[in-house]
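# next input, structure requested:
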Amino acid sequence: MSAAAAPALNARRAARLAAVQALYQMETAGASAADVTTDFQAGRLPRGDEGALEAEPDGTLFAALIDTAVEKQDAIDPTIAQRLVGWKLERIDSVARAILRAGVAELWARKDIPTAVVIDEYVEIAKAFFDGAEPGFINAALDACAKDLRAAPIA
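This next block holds a predicted model:
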């Protein structure tokens, strides 16, 4: 990887983490997309115990993830739900739900980013939040969704 590519990757990683946190905040605290975008622009996302960010988050990617997740939630949630064999989307952990929604939004909106990269990035985010089987669960669910989304995009 070139030296120029590393900052871009870290900026995207920070944007993904911020998007997961924003989607979590929207669901659990009732924040609006405008609220979380304001928090992001003010540097309040990502926050918490994640430690210092390696790069300034990619605002374009963050906006694309939030916009897609909000505008297409009526299609994103069923896409995820049909791949959760034995589980209901509303019954899984809210952080895992935010990770899945952000991942599916990226698979949908950013076809320029390879599928394997998207899945790997969200599995790494899951590992930051979970010690158990959840990262594997996220991996399997996003992989299944990617097969649907990247083969024949939903409207």
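
# for residue 108, see how far away the closest residue to residue 146 other than its chain neighbours is.
When the adjacent residues along the chain are set aside, residue 146 lies closest to residue 115, with 4.8 Å between them (CB to CB, 6 or more residues apart in numbering). From N, CA and C alone the C-beta is placed, and that goes for glycine too. Taking CB to CB, to the nearest Å as the measure, residue 115 falls 11 Å from residue 108.

# what does residue 65 give?
Residue 65 sits at a distance of 10 Å from residue 108 (criterion: CB to CB).

# these two: which has the busier surroundings?
For residue 65 versus residue 108, neighbours defined as other CB atoms under 10 Å are more numerous around residue 65 (27 against 22).

# check which helix or strand covers the more buried one.
Of the helices and strands defined by DSSP states H and E, residue 65 is found in helix 59-71.

# which stretches in the chain count as helices?
Taking DSSP state H, the helices of the chain run over residues 5-29, 33-41, 59-71, 73-81, 94-109, 115-129, 134-151.

# got the angle between the fifth one and helix 73-81?
Read that as helix 94-109. Interaxial angle, helix 94-109 versus helix 73-81 (axes from the mean of the first three to the mean of the last three CA atoms, to 10 degrees): 110 degrees.

# run the angle between the lowest-mean-pLDDT helix or strand in the chain and helix 33-41 for me.
When the helices and strands of the chain are scored by mean pLDDT, DSSP states H and E, helix 5-29 comes last with a mean of 87. An angle of 140 degrees separates the directions of helix 5-29 and helix 33-41 when computed by the same axes, to 10 degrees.

# now do the contacts for the residue nearest the centre of the chain.
A centroid search over the chain (CA atoms, centre = their mean) returns residue 102, at 2.5 Å, as the residue closest to the centre. Going by CB atoms under 8 Å, 6 or more residues apart in numbering, residue 102 touches 16, 19, 20, 23, 65, 69, 122.
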